[in-house]
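# dropping a prediction and its sequence here:
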Amino acid sequence: MRQMLHVEESRLLMGTVVSIEVVGKGSESQHHEGIDHAFEAIRFVEEACSRFDDRSALRELCRHPGEWVQVPDVLFEALRIALEVSDLTDGAFDPTIGATLARHGFTRHYLTGDVAESTETDSTVTYRDISLDQTTRKVLLHKPMLLDLGAIAKGLAIDVAAGALQGWEGYAINAGGDIYLQGIDPTGNPWTVGIQHPLIRDERIAWLQATDLAICTSGSYERRSPLDHTVHHIFNPLGMPSGTPMVSCTVIAPLAVLADAVSTAAFLLGSDKALEFVDEAELAGLCIDEQLSISMTQSMRRYLL
């Protein structure tokens with residue numbers, strides 16, 4: 001009987017280190033082939049949804065305000081989900097935030113270092129200035145804008161990669177802390193994941209055990225502006241939320257795109273509303289504020305070690 005084999009590879013994709021582990025009875029070459037397919041799936045989503053690549057479908061769409069534009073299905077789905085979350089948060093989450101991020105210096109492609117092409121934008125633009133045609137899969141931007149799907153596309157890419165790995169006894173996809181876990185880990189048990197300590201990079205502040213689920217964290221300790229290190233990359237266009245400022249929000253969901261979007265949206269809503277928002281979405285959430293106080297939904301407790 002063939003023994004379980006565990007193979008792990010890491011590559012730089014979507015602006016972060018993406019690690020994929022596969023556990024199964026196949027040969028080592030079959031493991032690597034499966035991992036290659038998963039990485040290609042992530043690259044496919046990135047090439048459509050990147051704000052930093054002038055050749056992406058997202059940038060092409062932004063060059064044609066006022067026109068219905070045919071876009072790839074993966075970009076259409078990312079926009080559809082982004083607009084749904086925008087509606088649920090009354091605009092605290094908004095995919096038209098790209099120009100604001102660019103003004104704060106979030107402009108360089110992580111691989112080439114090239115500065116992304118600037119785009120004319122309307123200062124009054126919001127998510128309500130985007131229309132989708134479900135039948136034709138076309139998109140209309142009513143005003144000039146620069147889209148940013150950073151809070152959606154990574155989760156979507158993880159889900160597409162997970163689809164490419166179906167059939168293995170176990171696998172884990174970790175894209176800079178946004179994670180999908182399936183089946184068993186190399187010891188034959190459910191996967192164990194640590195939540196990063198917001199202030200100490202190499203420490204974990206809590207541990208979770210889960211499988212067949214996604215775990216995504218949005219935190220203010222990642223990606224500081226190169227122009228002002230007091231500014232992080234998660235912007236609320238409506239201004240600062242009430243309550244003690246949060247430093248991270250972790251959400252567990254059946255899909256990574258859902259966990260990614262809800263963790264970012266909950267972070268943007270602030271400590272007073274975050275867990276209520278997660279609970280209403282029937283997901284599990286854990287938030288940490290700047291005093292390092294931890295709060296969580298009741299449903300999160302079942303995953304804690």
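Ah, there it is.

# please make it C-alpha for all contacts and neighbour counts, starting now.
OK.

# list the buried residues of the helix or strand bottoming out on mean pLDDT in the chain.
The weakest-scoring helix or strand in the chain, judged by mean pLDDT, DSSP states H and E, is helix 98-103 (a mean of 80). Buried residues in helix 98-103, counted by 16 or more other C-alpha atoms under 10 Å: 98-102.

# and which of the residues you listed is nearest to residue 79?
Taking C-alpha to C-alpha as the measure, residue 98 is the one of those closest to residue 79, at 13.5 Å.

# who's in contact with that closest one?
By C-alpha atoms under 8 Å, 6 or more residues apart in numbering, the contact set of residue 98 is 51, 145-148.

# ok, 6 Å please
146-148 (C-alpha atoms under 6 Å, 6 or more residues apart in numbering).

# could the residues you listed be laid out in a markdown table, adding neighbour count?
A markdown table is the format used below for the contacts of residue 98 (neighbours: other C-alpha atoms under 10 Å):
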| residue | neighbour count |
| --- | --- |
| 146 | 26 |
| 147 | 25 |
| 148 | 25 |
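
# tell me which of these fall in helices.
Taking DSSP state H as the definition of helices, the contacts of residue 98 contribute nothing to them.

# could you report the neighbour count for residue 29?
Residue 29 has 10 neighbours, counted by other C-alpha atoms under 10 Å.

# please apply the same query to residue 80.
Applying other C-alpha under 10 Å, we find 18 residues neighbouring residue 80.

# nearest residue to residue 47 other than its sequence neighbours?
residue 56 (5.4 Å; C-alpha to C-alpha, 6 or more residues apart in numbering).

# now do the contacts for the one you found.
Listed by C-alpha under 6 Å, 6+ apart, the contact set of residue 56 reads 47-48, 50.

# shaky segments in this protein?
For the chain, applying pLDDT under 70 flags the ranges 1-2, 105-106, 108-113, 221-236, 238-244.

# ok so, going back, tell me which of the contacts of residue 56 is nearest to residue 304?
Nearest to residue 304 among the contacts of residue 56, counting by C-alpha to C-alpha, is residue 50 at 34.2 Å.

# return the backbone torsion pair for the closest residue to that closest one other than its chain neighbours.
Nearest residue to residue 50, sequence neighbours excluded (C-alpha to C-alpha, 6+ apart): residue 56, at 6.0 Å. Phi and psi for residue 56, reported as degrees, to the nearest 10, are phi -70, psi 160.

# just to revisit the earlier point, closest one to residue 296 out of the contacts of residue 98, please.
In terms of C-alpha to C-alpha, no member of the contacts of residue 98 lies closer to residue 296 than residue 148, at 28.5 Å.

# which non-adjacent residue is nearest that closest one?
If you skip the residues right next to it in sequence, residue 148 has residue 98 as its closest partner in space, 4.7 Å away by C-alpha to C-alpha, 6+ apart.

# re earlier: ok, of the buried residues of helix 98-103, which one's closest to residue 287?
Residue 287 lies nearest to residue 101 out of the buried residues of helix 98-103, by C-alpha to C-alpha, at 23.9 Å.

# what is the neighbour count of residue 124?
When neighbours are defined as other C-alpha under 10 Å, residue 124 has 9 of them.
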